[in-house]
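Student: Would you be able to build a 3D model of this:
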Amino acid sequence: MSVIAIVPARGGSKGVPGKNLKRVGGVSLVGRAVASAVSSQLIDRVIVSTDDPAIAAAAQAAGAETMLRSPELSGDTATSESALLDVLDRCGETPDAVVFLQATSPFIDPNDLDGAIARVLDGDEDVVFSAVETYAFLWKQGADGATGVNHDHSFRPRRQDREPHFQETGAFYVMDTAGFRAAGFRFFGTVGIAEVDPRTAIEIDTVDELEIANAIAPTLPSFLTGYAIDVDAVVTDFDGVHTDDRVMVASDGTEQVIAHRGDGMGVRMMREHGIPVLILSTETNPVVSARAAKLKIEVLQGINDKATALAEWADSRGIPLHRIAYVGNDVNDLGPLEIVGWPIAVATAVPEVLAAARIILRADGGNGAVREVADRVLASKSVLSLDQEEHPWLIPSVHAT
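Tutor: Modelled structure (predicted):
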């Protein structure tokens, strides 16, 4: 049986301009939706329907197919169902089930998707959607005052005496394809509820909700932060990453720092396996030059616009930005962290950097952080075979056994 996941993601957004490309936990919203679908065991194809070339590029980088939709299907009045039907008409096959994913829900668990898909494929329900249990008392405001919607407001029963209700999260809807085509709407036939973790139920429609999602992202388990870091190059800040951000200043003004030998070995291992490593530093300091020379890697110093310098370096190397890891610790690293596919923070990073990171390392800056990155990069190349007992900082993915 075949299953296609469709992510409608148009470019226009009034509440949060460019919303589908905004990042949560270091990954764009459209990229997170695609990654959830790609990580599913039951989804065969992932297609993003968009009118925006930048969204299409981000979706493709995350592993999805893309279809550019017409202006008629891209306006504020266009329904999500119209985008889904457009993809089904053009995708070249008729799947048994279609999964409608909304990029505005950044925390979609692939295991929840698979559970819902299995119920539709088995014929248990025609539609299964994500929801959270709620015992909230709902009200509506009328001309003569407020009245209860799901309760008699003249009587207040105890929680244990009430039946729960369920609130849609908007994250996903799994539908029997034939039934969806016949109905033209996402709800038809027998409808089932896939109850999900309330912590993941946030739907982003405002800047405040985007900030909340970034704040809670580091606290949630995520398949996006498995131990392997699959990149083609590693770029790092120096102070606070290769060092603990402290400096010893002699009476003559010369500076000294302490480096970690394990970090040096990690850089050597990456270099020997053909993975370019670059130090990108705001300051110009002989100690940075000396360390880079010792490690036999490139260094760019005195860089005020680190994002532009990184983009130019990547272009000269022919390395796509989404295939680069950047490791930072302070606010001057936010620019490059925003443009790479793998923004990484050391454990001692400032809160703004922690919020922007896809991965927060277990190690502190200057105390094995670079080695941790190296091990995880080499693990993605099958150079190292790591297990969590030997490396307790490893974070297993959702599908890890």
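
Student: Strands of the stretch 51-200 of the chain, start to end?
Tutor: Listed in chain order, the strands of the stretch 51-200 of the chain (DSSP state E, counting those that start in this stretch) span residues 65-68, 97-101, 127-134, 139-142, 145-148, 165-176, 191-195.

Student: which of those sits most buried?
Tutor: Highest mean neighbour count of the strands of the stretch 51-200 of the chain: strand 97-101, a mean of 27 (counted as mean count of other CB atoms under 10 Å). Where C-beta positions appear, they are placed from N, C-alpha and C, glycine not excepted.

Student: Mind listing the strands that one pairs with, and their directions?
Tutor: Each strand paired with strand 97-101, and its direction, by DSSP bridges: strand 3-8 (parallel), strand 165-176 (antiparallel).

Student: Let's have those strands in TSV, adding distance to Arg32.
Tutor: Rendered in TSV, the data for the strands paired with strand 97-101 read as follows (distance: least, CB to CB, whole Å):
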stretch	distance to Arg32
strand 3-8	10
strand 165-176	11
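
Student: possible to save those as JSON lines with mean pLDDT and distance to Gly25?
Tutor: Putting the strands paired with strand 97-101 into JSON lines (pLDDT from 0 to 100; distance: least, CB to CB, whole Å) gives the following:
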{"stretch": "strand 3-8", "mean pLDDT": "97", "distance to Gly25": "18"}
{"stretch": "strand 165-176", "mean pLDDT": "96", "distance to Gly25": "16"}
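
Student: Distance-wise, check Leu210 relative to Ala56.
Tutor: With distances defined as CB to CB, to the nearest Å, the gap from Leu210 to Ala56 amounts to 22 Å.

Student: swap in Ala309?
Tutor: Spatial separation of Ala309 from Ala56 under the definition CB to CB is 27 Å.

Student: go on, Ile212?
Tutor: From Ile212 over to Ala56 (counting by CB to CB), the distance is 28 Å.

Student: same thing with Ile117?
Tutor: 25 Å.

Student: Give me the more crowded residue out of those two.
Tutor: Set side by side, Ile117 and Ala56 give different neighbour counts by other CB atoms under 10 Å, the larger being at Ile117 (25 against 21).

Student: thought that one was touching Ala37?
Tutor: No - checked against CB atoms under 8 Å, the pair Ile117 and Ala37 is beyond contact range at 10.4 Å.

Student: Overlap of the contact sets of the two?
Tutor: Residues touching both Ile117 and Ala37 (CB atoms under 8 Å, 6 or more residues apart in numbering) are 43, 99.

Student: count of neighbours near the spatially closest residue to Gly266 that is not a sequence neighbour?
Tutor: In space, Gly266 comes closest to Ala374 once its chain neighbours are excluded; the distance is 3.0 Å by CB to CB, 6 or more residues apart in numbering. Here the count is done by other CB under 10 Å, and Ala374 has 28 residues near it.

Student: Give me the local confidence score for Ala374.
Tutor: Looking at Ala374, its pLDDT reads 96.

Student: and it, what is it in contact with?
Tutor: Ala374 makes contacts with 234, 263, 265-267, 269-270, as judged by CB under 8 Å, 6+ apart.

Student: Go again with 10 Å.
Tutor: With contacts defined as CB atoms under 10 Å, 6 or more residues apart in numbering, Ala374 is in contact with 229, 234, 262-271, 273, 275, 277, 368, 383-384.

Student: What about the residues you listed, which are in strands?
Tutor: Judged by DSSP state E, these include 234, 277 as members of strands.

Student: Give me the buried subset of the contacts of Ala374.
Tutor: 229, 234, 262-264, 266-267, 269-270, 275, 277, 368, 384 (16 or more other CB atoms under 10 Å).

Student: Enumerate the positions of the host helix or strand of Asp315 that are buried.
Tutor: With elements delineated by DSSP states H and E, Asp315 resides in helix 306-317, which encompasses its position. Applying a neighbour-count criterion of 16+ other CB under 10 Å, one finds 306-307, 309-311, 313-314 buried in helix 306-317.

Student: What score does Asp114 have for pLDDT?
Tutor: 97.

Student: sorry, that was for Ser397
Tutor: Among the per-residue scores, Ser397 shows a pLDDT of 33.

Student: Ile193 reaches Gly115, doesn't it?
Tutor: No - using CB atoms under 10 Å as the test, Ile193 is too far from Gly115 to be in contact (11.3 Å).

Student: Could I get the contacting residues of Ile4?
Tutor: When the contact criterion is CB under 10 Å, 6+ apart, the partners of Ile4 are 37, 43-47, 65, 84, 87-88, 91, 93-99, 177.

Student: at 7 Å instead, please
Tutor: Contacts for Ile4 were tallied using CB atoms under 7 Å, 6 or more residues apart in numbering; they are 44-45, 47, 91, 95, 98.

Student: do the same with Pro106
Tutor: Residues in contact with Pro106 (CB under 7 Å, 6+ apart) are 24, 29, 32, 204, 213.
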